[in-house]
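**Student:** Kindly return the folded structure for what I paste below:
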Amino acid sequence: MFKLSDVADTYPWTVTVKMPYNGSYKKTTVKVDFNRLPHDERMRLMERIQTTQDVESVEEVENDFFDKVFVGWQAGQVKDENGDDLEVNDDTKRQLLTISEFRQAVIDGYFDSVAGDKLKQKNSMR
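**Tutor:** Predicted coordinates for the structure are as follows:
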C-alpha cells in the first residue's frame, strides 16, 4: 500500500564511487541524501543534464543539479585526511564535488534512484 505519509522531502541513497587504482577501479559506496523534487522539475533537470553539450554549460547545469538535489552524505560516510568524519556543509560539499569520480557517482546515483528501472530497460532495448 502506498502512503503519502511515507513520502519525505529527502531520501537516502547509496552511490558507488569508482576511483582509478592500480590499473583498475577501487569502488567505494557512500550513503548520500537527495532532495525529492516535484516530477516536472525533476524531468526538466534530467533533460538539461542529458542534452547539454558544451563544457561550460555542462558545469553550470551540473552545479544547478547539485544545488537542487544533493543534500550531502550521512554521518560516518566520508572521512578527512586524518580519518575523522567530514561534516556536511557548503565548503565540504564543494570540496568533494571537485573530485570528478565523486561528482559522477552522485549524478549516476540520482538518476538510478529516480529512473533506474526505466533507464535499464531503455538501454537493454538498444
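
**Student:** Hmm, residue 101 is touching residue 18, no?
**Tutor:** Yes - Residue 101 is in contact with residue 18 according to Cβ atoms under 8 Å; the separation is 6.0 Å. C-betas here are computed from N, CA, C, even on glycine.

**Student:** where are the low-confidence patches of the chain?
**Tutor:** Confidence mapping of the chain against pLDDT under 70 gives the ranges 117-126.

**Student:** where along it do the helices fall?
**Tutor:** Secondary structure of the chain by DSSP state H: the helices cover 39-51, 55-69, 90-96, 100-124.

**Student:** out of those, which comes closest to residue 4?
**Tutor:** helix 39-51 (14.9 Å; Cβ to Cβ).

**Student:** Any chance you could list what contacts the closest one?
**Tutor:** Helix 39-51 has contacts (Cβ atoms under 8 Å, 6 or more residues apart in numbering) with 37, 61, 62, 64, 65, 68, 69, 107, 111, 114, 115.

**Student:** switch to 7 Å and redo it
**Tutor:** Identification of contacts with helix 39-51 by Cβ atoms under 7 Å, 6 or more residues apart in numbering yields 37, 61, 62, 65, 68, 111, 114.
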